[in-house]
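# sequence below, structure please.
(one chain, ligands or ions: 1)
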Amino acid sequence: LFAGSCDFIFGAQKLGQLPPQTLPEIAFAGRSNVGKSSLVNALTGRKTLARASSQPGRTKQLNFFDLANRLMLVDMPGYGFAKAAKSVKEDWQGMMFDYLRGRPSLRRVMLLLDARIEIKQHDLDAMKLLDRAAVSFQLVLTKCDSVKPTALAQKEEEVLALTKRHPAACPFLSLTSSETGQGIEQLRAELAAFALP
Ligand code: GDP
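Numbers count the residues shown, from 1 in each chain. A predicted model of the protein is given here:
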């Protein structure tokens, strides 16, 4: 799956523009700067993600990447810009909810959390949105190389507790580092399980 091609298909700014649902889809979401581009690049072994899409102030869109014609990876716009106006935040929630609700091909959302940073209200809001949309989500800790083992263990416990409070959450979490490659093979195997044969 990861040895083949990974082609950028489309950037959708409106829900009317989404590509057809021909492949199982896995979306990646998280706060801006959580390490989403780095993780997807580590997974695909390519600099596939349009970084511009995750920068504040740029046009936000859903970016679709076709992985070897077997799986669609979707880069969701980063949330949690402190500067964003309330109307922008509400637009994001509205558009994401509509996407999540109206996409039967979407199998799972990987919700990224920065291992170094406290879990923010924005993250909890994203989890609530996924619960409401009833889309299975998996919590993924990023940048695990940059925290000490004791702090990481504490974080792990905190995040596992969250999975119990959110009905749409998978009852496990993934520990990853794009720097060291920790957890990347494991996550690849999990993605491959969703792909077409
Ligand atoms: P995005 O905005 O979520 O797409 O985040 P990026 O992938 O652009 O990463 C944001 C920042 O975090 C960059 O400065 C990266 O170098 C850093 N970063 C990303 N992944 C890792 C990681 O696994 N370990 C460490 N230490 N830093 C990382």
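
# in this protein, which residue is closest to the centre?
The centre of the chain sits closest to Phe28, judged by C-alpha atoms, centre = their mean, with a distance of 1.8 Å.

# just the C-alpha atoms of the one helix or strand Met110 maps to, please, in CSV.
Met110 is part of strand 106-114 when elements are defined by DSSP states H and E. As requested, the backbone C-alpha atoms of strand 106-114 are provided in CSV (Å, rounded to 0.1, in the frame of the first residue of the first chain):
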residue,chain,number,x,y,z
LEU,A,106,-15.2,7.7,5.8
ARG,A,107,-14.1,4.8,8.0
ARG,A,108,-12.1,6.5,10.7
VAL,A,109,-10.7,9.9,11.8
MET,A,110,-7.2,9.9,13.2
LEU,A,111,-7.4,12.7,15.8
LEU,A,112,-3.9,13.9,16.6
LEU,A,113,-2.8,15.3,20.0
ASP,A,114,0.6,16.8,20.7
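
# which strands or helices does it pack on?
Secondary structure elements in contact with strand 106-114, counted by 3 or more C-beta pairs under 8 Å, 6 or more residues apart in numbering; DSSP states H and E, are strand 25-30, helix 86-101, helix 121-133, strand 137-142. Heads up, the C-betas are built off the backbone N, CA and C, glycines and all.

# how about 7 Å then?
Counting contacts by 3 or more C-beta pairs under 7 Å, 6 or more residues apart in numbering; DSSP states H and E, strand 106-114 is packed against strand 25-30, helix 121-133, strand 137-142.

# what does the protein put close to the ligand?
For the chain, the residues in contact with the ligand under the definition C-beta under 6 Å from any ligand atom are 30, 32-38, 54, 78, 142-143, 145-146, 177-179.

# hang on, the earlier thing: pull the contacting residues for the residue nearest to the centre of the chain.
The contact partners of Phe28, taken as C-beta atoms under 7 Å, 6 or more residues apart in numbering, are 36, 40, 73-76, 110, 112.

# just name the closest of those residues to Phe10, please.
Val74 (10.0 Å; C-beta to C-beta).

# would you mind measuring from that closest one to the ligand?
Here the distance between Val74 and the ligand works out to 14 Å (C-beta to the nearest ligand atom, to the nearest Å).

# quick check: beta-bridge partners of that residue?
Each beta-bridge partner of Val74 is listed here: Ala27, Phe64, as defined by DSSP bridges.

# can you check the pLDDT for it?
As summarised for this prediction, Val74 has a pLDDT of 94.

# what's the answer for the one 3 residues further on, then?
We have a pLDDT of 85 for Pro77.

# before we move on, what about Ser37?
According to the model's per-residue confidence, Ser37 sits at a pLDDT of 89.

# the one 4 residues further on now?
pLDDT recorded at Asn41 is 90.
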